[in-house]
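Visitor: here's my sequence, what's the structure:
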Amino acid sequence: MPQPVSDKAVKQASLAKGALAEALVAQWLIEQGWEILEKRWHCRMGELDLVAYRSSSRPKAPANLAFVEVKARSSGNWDADGMLAVNAQKQAKLWRSAQLFLATYPALSELPCSFDVALVHCRRITDRRVTGQTQLELQISSPVELGKAVAIAGYLLTLKQYIPAAFDR
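Guide: Model prediction:
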């Protein structure tokens, strides 16, 4: 008879899946010309999954700063692939965390900022021959494209949607 899965094991698996999804989104942002300033930045108000910076390609146009919330979900999720989890309470928490981030890095505080949301679909791969990777590898070797699955550390991850300025404050 199989052993029941503990709440702790479920939580650890969820955190690992979230870290993989964040790595995927970070790689996609880098390929789009962004620089990742922080991953999983913690403060007393919470956590910012990714903080990304992009310099302007136009003269005299300002650079941009994006606070990116990454939501990783499997098939059959209840919350519109994670979008419903970014409710008013979560938005307020992200806003307060972003304020503390900008207070910590005042040189960035004058930049235009946005709160972006990335929705990632995750599917566990049970056949290791499909991935060609060990569980410890976190390198993403192929370019990340919206809607295209990438094998990473035993999962197939797909960046389903990237929503710039998903909510305003």
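Visitor: tell me who's in contact with residue 33.
Guide: 54, 57 (C-beta atoms under 8 Å, 6 or more residues apart in numbering). Every C-beta, even on glycine, is put in place using the N, C-alpha and C of the backbone.
Visitor: that one and residue 96: what is the separation?
Guide: 28 Å (C-beta to C-beta, to the nearest Å).
Visitor: again, but for residue 82
Guide: 20 Å.
Visitor: neighbour count for the two, which is higher?
Guide: The residue with more neighbours, out of residue 82 and residue 96, is residue 82; 21 against 15, by other C-beta atoms under 10 Å.
Visitor: ramachandran angles for that one?
Guide: phi 100, psi -20 (degrees, to the nearest 10).
Visitor: and for residue 124?
Guide: According to degrees, to the nearest 10, residue 124 has phi -70, psi 140.
Visitor: quick one, strands of this protein?
Guide: Here the chain has its strands, by DSSP state E, at 35-43, 46-54, 64-73, 113-124, 149-152, 155-167.
Visitor: any chance of those in TSV, plus mean neighbour count and mean pLDDT?
Guide: Output for the strands of the chain, formatted as TSV (neighbours: other C-beta atoms under 10 Å; pLDDT from 0 to 100):
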stretch	mean neighbour count	mean pLDDT
strand 35-43	15	97
strand 46-54	19	97
strand 64-73	22	95
strand 113-124	20	94
strand 149-152	19	89
strand 155-167	18	93
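Visitor: so for residue 143, which of those sits nearest?
Guide: Closest approach to residue 143 among the strands of the chain is made by strand 149-152 (8.8 Å; C-beta to C-beta).
Visitor: what's across from the residue nearest to residue 25 when sequence neighbours are not counted in the sheet?
Guide: Once flanking residues are discounted, residue 25 sits nearest to residue 118: 4.4 Å by C-beta to C-beta, 6 or more residues apart in numbering. Beta-bridge partners recorded for residue 118 (DSSP bridges): residue 70, residue 162.
Visitor: in contact with the most centrally placed residue in the chain, which residues?
Guide: Centroid check for the chain by C-alpha atoms, centre = their mean gives residue 70 as the closest residue, at 3.0 Å. Applying C-beta under 8 Å, 6+ apart to residue 70 gives the contacts 18, 21-22, 25, 49-50, 117-118, 120.
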